[in-house]
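Asks: Here's a sequence, model it:
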Amino acid sequence: MNGDQTVAALASTLHVTRSAVRNHLTALQADGLVIRRGVRPGKRRPSALYGLTPQWESAFPQMYGEFATSLLAELHAGDVRGLEVALRGVGDHWVAADLPQVAGLRGQARLKRVKEILAERGFMPSFTRGQDGHELREYHCPIAPLSAGYVEICDMVHRWLEALLGVPLIRVKCMRQGEQYSAYRLGDWPAVKS
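Replies: Now for the predicted structure:
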């Protein structure tokens, strides 16, 4: 769909009846792919406007993963240093986007915000406090299919986490190595003291 459309406009473009368009729109709304966005004034009466939701793209085959995997393979095959440089740039981008969200935060407030950032990105995080200090656990890795063949991706995520938390981390478990979750030991540091 090219912008918000009325039933009449869709019927004309698709060369189908208005009833057929309404039936399809009802089904698409039920699937969360289309939403009614308002009305367009008409000569006799206003017409409802329909538009696509952000979820519409998920209804079509995607090649992002295949493309990214191929790109990583080419970078790695040509020059491992090139892959490292590219991933450092990606990590720098992540840091630039997320570090301002924790600027000035300390203690539990910083841990809470970092946890929210990780959750928003799909890492399913938790922080625990044990005898060895704080530990960050990630129960899901949204880039696991890519990192499976490239430790450099795990290293990029590690650097990003260190920037967000403001301290060095020690990776003690990694899903890439078959563990049920990835874990990083933070120790007892001033940035997390309550």
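
Asks: contacting residues around the spatially most central residue of the chain?
Replies: Centroid-nearest residue in the chain: Arg121, 4.2 Å away (criterion: CA atoms, centre = their mean). Residues in contact with Arg121 (CB atoms under 8 Å, 6 or more residues apart in numbering) are Pro142. The C-beta positions use only the backbone N, C-alpha and C, and glycine is treated the same way.

Asks: quick thing: my sequence starts at 537, can you match it?
Replies: In the new numbering, first residue 537, that becomes Arg657.

Asks: May I have the phi/psi pair for it?
Replies: Main-chain dihedrals, Arg657, degrees, to the nearest 10: phi -90, psi 0.

Asks: From Gln637, how far off is it?
Replies: Going from Arg657 to Gln637 by CB to CB, to the nearest Å gives 12 Å.

Asks: What does the pLDDT read for the residue nearest to the centre of the chain?
Replies: Confidence at Arg657, expressed as pLDDT, is 90.

Asks: Tell me how many other residues crowd Trp630.
Replies: For Trp630, the count of nearby residues is 19 (other CB atoms under 10 Å).

Asks: now swap in His670 and tell me
Replies: His670: 21 surrounding residues under other CB under 10 Å.

Asks: and it, that one's in a strand?
Replies: Yes. Secondary structure assignment places His670 in a strand (DSSP: H, G, I helix; E, B strand; the rest coil).

Asks: helix, strand or coil for the closest residue to it other than its chain neighbours?
Replies: The shortest distance from His670 to any non-neighbouring residue, by CB to CB, 6 or more residues apart in numbering, is to Leu722 (4.0 Å). Taking three-state DSSP as the rule, one finds Leu722 in the strand state.

Asks: roughly how far apart are Leu722 and Arg673?
Replies: Relative to Arg673, Leu722 is positioned 11 Å away (criterion: CB to CB).

Asks: more neighbours, these two?
Replies: When neighbours are counted by other CB under 10 Å, Leu722 and Arg673 differ, and Leu722 comes out ahead with 23 against 17.

Asks: Looks like the more buried one contacts Gly666 (just checking).
Replies: No. Using CB atoms under 8 Å, Leu722 is not in contact with Gly666; the gap is 10.5 Å.

Asks: Could you pull up phi and psi at Asp540?
Replies: Main-chain dihedrals, Asp540, degrees, to the nearest 10: phi -70, psi 140.

Asks: and if you look at the one 4 residues further on?
Replies: Torsion angles at Ala544 (phi, psi; degrees, to the nearest 10) stand at phi -60, psi -40.

Asks: dump the residue contacts of it.
Replies: Contacts for Ala544 (CB under 8 Å, 6+ apart) come out as 554, 583.

Asks: if we go to 6 Å?
Replies: Applying CB atoms under 6 Å, 6 or more residues apart in numbering to Ala544 gives no contacts.

Asks: Just the pLDDT at it, thanks.
Replies: Turning to Ala544, the model gives it a pLDDT of 89.
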